[in-house]
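Undergrad: Fold the following, please.
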Amino acid sequence: MLREFSGLGLDPENRCPSALAPMQDVTGLGFMRTIARRGPPDFFFTEFFRVHPHSKLDEEILESITQNPTEVPVFAQLIGENLEDMGRTVEELQKYPIAGIDLNFGCPAPRVYKKNVGGGLLRTPKKIDCLLAHLRQKVKGNLTVKMRIGFEDDRHFYEILDLLAIHRINLLSLHVRTVKGGYNTAPQYQYVTEAQKKLKNTCPVLLNGSISNALEGFRIHKKFKSSGIMIGRAAIANPWIFRQLRDIRNGLTPFSPTLGDLHEYLMELFEEIKKPEMKEEKMVARIKKFLNFVGLSLKGKELFLNEMRRAVFKDELFSIFSRHLLNNGNSEQAIPYA
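TA: Take a look at the predicted model:
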């Protein structure tokens with residue numbers, strides 16, 4: 001582990017490093033701060049910076065690097081394909097305190113891959129080769145990749161792994177589905193084991209995809225021999241998941257949050273992600289993206305989700321939080337994340 005992560009600033013005794021997966025419109029500075037207060041991951045990755053001929057660094061995403069008080073290393077993720085534009089953006093980002101540059105080869109959104117960026121690049125290994133070669137010369141420190149096992153199958157998977165080795169990629173985060181598989185097909189964790197074998201421990205591999213809780217994540221990590229775990233949607237529902245994972249890997253009983261803890265999280269999250277210029281109705285609509293995941297972990301989730309989705313104003317929403325999480329002695333009830 002020391003050799004694998006020596007350039008990433010990790011404790012060599014860390015037996016299962018963790019990362020918060022980058023999620024557009026979710027993993028901004030406010031969410032990073034909220035997560036960190038409940039037990040941070042070992043790495044953060046920004047939402048992706050869109051790169052094109054006229055692109056500039058997104059100021060809001062940049063704040064998650066420049067104004068981040070968590071002391072967690074932050075990787076800046078890019079999505080694009082033009083060599084000149086990607087190189088220019090790398091040079092701009094390296095003026096800031098980043099842990100490295102991460103390349104998005106996995107976004108499954110059709111509006112993204114149809115432009116031949118994100119997951120669309122997995123159809124053309126030659127383009128990936130050119131991009132990695134160009135950026136390896138530009139990036140002074142860590143150059144990392146987040147990808148899926150392929151576009152619609154694994155036909156280029158092993159060829160792309162060879163390219164990661166050739167261009168000395170420092171970390172691979174592997175989502176164990178294809179691009180066309182979206183988020184609903186069965187995860188194929190065996191590809192993490194294959195990637196570890198192919199890269200021969202020169203490039204650590206973080207397992208990503210369908211980790212619903214810390215116990216399951218640690219079990220899958222051990223079974224498929226990943227270097228660590230990247231968690232996305234489950235961390236929205238359970239912001240203590242990285243603390244729980246750390247407890248498990250240290251042989252401790254994982255922290256068990258209550259509904260009262262969840263209420264505190266939601267109230268804090270609302271304050272963290274709101275924007276001064278945003279109208280109240282839009283702010284309520286914005287947090288619903290988070291609440292859809294949170295609601296799935298609750299007993300009586302259908303009622304919570306139905307009421308939450310009808311709420312328009314802040315007071316309505318806060319009343320729903322109190323009714324489901326605090327009233328009738330609910331605040332001391334443990335949340336059944338396991």
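
Undergrad: Would you list the phi and psi of N104?
TA: For N104, the backbone dihedrals (degrees, to the nearest 10) come out as phi -90, psi 110.

Undergrad: Not counting its neighbours along the chain, what's nearest it?
TA: Distances taken as Cβ to Cβ, 6 or more residues apart in numbering place I79 nearest to N104, at 4.2 Å, with adjacent residues excluded. For every residue, glycine as well, the C-beta is placed using N, CA and C.

Undergrad: Which other helices and strands does the helix or strand hosting K223 contact?
TA: In the assignment (DSSP states H and E), K223 maps to helix 214-224. Packing partners of helix 214-224 (3 or more Cβ pairs under 8 Å, 6 or more residues apart in numbering; DSSP states H and E): helix 190-199, strand 205-208, strand 228-231, helix 241-249.

Undergrad: Dump the ones you listed into JSON lines; add mean neighbour count as well.
TA: Shown next, in JSON lines, are the helices and strands packed on helix 214-224 (neighbours: other Cβ atoms under 10 Å):
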{"stretch": "helix 190-199", "mean neighbour count": "20"}
{"stretch": "strand 205-208", "mean neighbour count": "28"}
{"stretch": "strand 228-231", "mean neighbour count": "27"}
{"stretch": "helix 241-249", "mean neighbour count": "23"}
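
Undergrad: Tabulate those in CSV, adding columns for distance to Y158 and mean pLDDT.
TA: Listed next are those as CSV, based on distance: least, Cβ to Cβ, whole Å; pLDDT from 0 to 100:
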stretch, distance to Y158, mean pLDDT
helix 190-199, 6, 97
strand 205-208, 14, 98
strand 228-231, 21, 97
helix 241-249, 30, 96
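
Undergrad: With distance to K180 added, can I get the ones you listed in TSV?
TA: What follows is the helices and strands packed on helix 214-224, written out as TSV (distance: least, Cβ to Cβ, whole Å):
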stretch	distance to K180
helix 190-199	15
strand 205-208	17
strand 228-231	21
helix 241-249	28
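
Undergrad: Let me know which of these is the nearest to F270.
TA: Nearest to F270, of all the helices and strands packed on helix 214-224, is helix 241-249, at 20.1 Å by Cβ to Cβ.

Undergrad: Return the set of buried residues in the helix or strand that that closest one is followed by.
TA: Using DSSP H and E, the helix or strand that follows helix 241-249 towards the C-terminus is helix 259-273. For helix 259-273, a neighbour-count test (16 or more other Cβ atoms under 10 Å) marks L259, D261, L262, H263, E264, Y265, L266, E268, L269, F270, E272, I273 as buried.

Undergrad: With just CA atoms, put helix 259-273 into PDB.
TA: C-alpha atoms of helix 259-273 as PDB (Å, rounded to 0.1, in the frame of the first residue of the first chain):
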ATOM      1  CA  LEU A 259     -32.900  10.200  13.000                       C
ATOM      2  CA  GLY A 260     -32.000  13.200  15.100                       C
ATOM      3  CA  ASP A 261     -28.500  13.200  13.500                       C
ATOM      4  CA  LEU A 262     -30.100  13.000  10.100                       C
ATOM      5  CA  HIS A 263     -32.300  16.000  10.900                       C
ATOM      6  CA  GLU A 264     -29.300  18.000  11.900                       C
ATOM      7  CA  TYR A 265     -27.500  17.000   8.600                       C
ATOM      8  CA  LEU A 266     -30.500  18.100   6.500                       C
ATOM      9  CA  MET A 267     -30.800  21.400   8.200                       C
ATOM     10  CA  GLU A 268     -27.100  22.100   7.800                       C
ATOM     11  CA  LEU A 269     -27.000  20.900   4.200                       C
ATOM     12  CA  PHE A 270     -29.800  23.400   3.300                       C
ATOM     13  CA  GLU A 271     -27.700  26.200   4.700                       C
ATOM     14  CA  GLU A 272     -24.500  25.000   3.100                       C
ATOM     15  CA  ILE A 273     -25.800  24.700  -0.500                       C
END
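
Undergrad: just checking, next helix/strand downstream of that helix?
TA: Sequence order places helix 280-295 as the next helix or strand after helix 259-273, per DSSP H and E.

Undergrad: Any buried residues in that following helix, and which?
TA: For helix 280-295, by 16+ other Cβ under 10 Å, it's M283, V284, I287, K288, F290, L291, F293, V294, G295.

Undergrad: Looking at D11 now. What's its pLDDT?
TA: Predicted confidence (pLDDT) for D11: 64.

Undergrad: so what's P53 up against?
TA: Contact analysis of P53 by Cβ atoms under 8 Å, 6 or more residues apart in numbering lists N82, D85.

Undergrad: a strand runs through it, doesn't it?
TA: No - judged by DSSP: H, G, I helix; E, B strand; the rest coil, P53 forms no part of a strand; its state is coil.

Undergrad: Could you give the backbone dihedrals for it?
TA: Main-chain dihedrals, P53, degrees, to the nearest 10: phi -60, psi -30.

Undergrad: and what of R50?
TA: Torsion angles, degrees, to the nearest 10, at R50: phi -70, psi 130.

Undergrad: I'd assumed N82 was in contact with it.
TA: No - when contacts are counted by Cβ atoms under 8 Å, R50 is not listed as touching N82 (11.6 Å).

Undergrad: on that earlier part again, closest to G118 out of the helices and strands packed on helix 214-224?
TA: Of all the helices and strands packed on helix 214-224, strand 205-208 comes closest under Cβ to Cβ, at 14.7 Å.
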